[in-house]
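Chemist: Fold the stuff below for me.
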Amino acid sequence: MPIDPLTIVMVVILAALIFFMFRNSRKRQKEQAETRSKMVPGAEVMTNFGLYGTLLSVNEDDNTALVETSPGTILKVHRQVLARVVEPTVAEPISAEISSTEPQINEDHAIPLSEPEFGERVDDASKKPGSKSDD
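Modeler: Take a look at the predicted model:
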């Protein structure tokens, strides 16, 4: 009994999908383990809902964590709410060259002071508002 080529193609596609599913699962587990290793007391963390704070403790048994958002304010949250560890970023200092110069005008896109172009409204200063005739 000959095997249909369409069946072979479908089996190959199914095998590829299963392979990628396992690979993505393994990659996700690796990322979660890396994040968990960074979640130590004293680390700056961000929650899923955008709250920043300092991690005080993590209770593995209850799946809870204590996060201090401001001095004296401690929140008890579920451990899975902790989204990521905030890495401190170093801001580049503003160079003295830029700050000491005067502002410059962009002459390429400057609007020239000339006669109004077609469609522009011009207020005549000699005419009084509400007057209907020229004197």
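Chemist: In three-state terms, label the residue nearest to the spatial centre of the chain for me.
Modeler: Centroid check for the chain by C-alpha atoms, centre = their mean gives residue 50 as the closest residue, at 11.2 Å. When classified by DSSP: H, G, I helix; E, B strand; the rest coil, residue 50 comes out as coil.
Chemist: distance of it from residue 107?
Modeler: If you measure residue 50 against residue 107 using C-beta to C-beta, to the nearest Å, the figure is 43 Å. All C-beta atoms are positioned from the backbone trio N, CA, C, and that covers glycine.
Chemist: now residue 117
Modeler: From residue 117 to residue 107 the distance is 19 Å (C-beta to C-beta).
Chemist: Who are the packing partners of the helix or strand where residue 16 lies?
Modeler: Using DSSP states H and E, residue 16 maps to helix 5-38. Contact partners of helix 5-38 among helices and strands, from 3 or more C-beta pairs under 8 Å, 6 or more residues apart in numbering; DSSP states H and E: strand 82-85.
Chemist: Next one: residue 32 from residue 84, what distance?
Modeler: If you go by C-beta to C-beta, the gap between residue 32 and residue 84 works out to 11 Å.
Chemist: So which of those two has more stuff around it?
Modeler: residue 84 (13 against 10; other C-beta atoms under 10 Å).
Chemist: Quick check: chain neighbours aside, which residue is closest to that one?
Modeler: Nearest residue to residue 84 in three dimensions, chain neighbours excluded: residue 46, at 5.5 Å (C-beta to C-beta, 6 or more residues apart in numbering).
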